[in-house]
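Novice: model the structure of this input:
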Amino acid sequence: MLAEFPSGLVQLPAPDASALEVGSNALVGMAICFNWTAVGWCVGEVVRANDSDRRCKIDDGVVNYYVRTTRSMTRRRSTCLSLIGGYGKEWVLVQDESAEDAPAAASDK
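Specialist: Now for the predicted structure:
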């Protein structure tokens with residue numbers, strides 16, 4: 001398991017590549033943990049997808065989802081993220097460990 005990963009959560013399998021494409025809504029509504037360099041793991045929710053705005057970028061990657069984390073919940077703003085690489089190190093999809101049946105990895109079927 002990941003160092004200092006929030007207790008009570010389990011990591012889900014990585015999503016299909018199609019779920020990470022700009023315009024996919026496959027991850028909307030899913031719980032996520034994102035590893036911010038300065039603060040460590042933050043829990044949040046994928047609140048919306050970037051449907052088609054390829055101008056919204058982080059470094060050279062187009063933002064594909066907007067996430068509201070526990071650090072941004074009170075500000076009513078979401079953070080734009082490029083969830084392309086880094087699964088397992090920079091971000092993971094999660095669920096409460098008390099959930100009986102773990103869903104399959106997200107896909108855009």
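
Novice: tell me how many other residues surround the closest residue to residue 26 other than its chain neighbours.
Specialist: Leaving out its chain neighbours, the residue that sits closest to residue 26 by CB to CB, 6 or more residues apart in numbering is residue 19, at 3.6 Å. For every residue, glycine as well, the C-beta is placed using N, CA and C. For residue 19, the count of nearby residues is 22 (other CB atoms under 10 Å).

Novice: how far away is residue 22 from residue 90?
Specialist: 18 Å (CB to CB, to the nearest Å).

Novice: what's the longest strand in this structure?
Specialist: Longest strand of the chain, by residue count under DSSP state E: strand 40-49.

Novice: who does that strand pair up with?
Specialist: Applying DSSP bridges, strand 40-49 is found paired with strand 31-36 (antiparallel), strand 65-69 (antiparallel).

Novice: so for the last one, what's the average pLDDT?
Specialist: Across strand 65-69, the average pLDDT comes to 82.
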